[in-house]
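Trainee: model this:
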Amino acid sequence: MGTDDTTQNLPNDQFNRIIAEFRALGATVDGVVNRLDSLENRVSERLKNTQPLRETLQAELAKLRDEFRAELSKLRDDVGAQLNKLRDEFRGEFQSLDSKVDNMSLGLSDKLDVLNDSILEVNGKHKRLQSRVTELEKKAS
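Mentor: Residues are numbered from 1 along each chain as shown. Next up is the predicted model:
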């Protein structure tokens, strides 16, 4: 094997055709490179265009989260205040009912004392009457 240049053995028209093919291939490669550069630029532009959109969406989501938290906190406060109000109302009602029951209990206790006294008095009178009846029956017999 030698170091002979095989292109020297080609006829000129064949050599020129090969060169033309290489030039056409080079032009095609240049076209592909230009298309890749163009595509790369478009992708880069789209990425730049979506970056603000993503940032805008993140900012909107953060704003919505903050608004939701504020509303939730307000709702908790409102519910807490309502519960405290209801608790106070129930305490007042319970105390009122408790004092009414105490008053009724005292009244009932007084009435039971009076009733007990009346029963004892009736029993005492009944016993005296029975003794008198027994005495009268002895005298009559």
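
Trainee: burial count for Phe15?
Mentor: 13 (other C-beta atoms under 10 Å). Quick note: C-beta positions are derived from backbone N, CA and C, even for glycine.

Trainee: element containing the residue nearest to the spatial centre of the chain, please.
Mentor: In the chain, the C-alpha nearest the mean C-alpha coordinate belongs to Leu72, at 8.3 Å (C-alpha atoms, centre = their mean). Assessed by DSSP states H and E, Leu72 sits inside helix 12-140.

Trainee: if we can go back for a sec, got the confidence number for the residue nearest to the centre of the chain?
Mentor: pLDDT for Leu72: 93.

Trainee: Same check on Arg65?
Mentor: Predicted confidence (pLDDT) for Arg65: 94.

Trainee: separation between it and Val79?
Mentor: Distance of Arg65 to Val79, given as C-beta to C-beta, to the nearest Å: 21 Å.

Trainee: Same question for Glu67.
Mentor: From Glu67 over to Val79 (counting by C-beta to C-beta), the distance is 18 Å.

Trainee: what's the answer for Ala27, then?
Mentor: Noted for Ala27: a distance of 76 Å to Val79, by C-beta to C-beta.

Trainee: With Leu108 instead?
Mentor: From Leu108 to Val79 the distance is 42 Å (C-beta to C-beta).

Trainee: Likewise for Asp113?
Mentor: From Asp113 to Val79 the distance is 50 Å (C-beta to C-beta).
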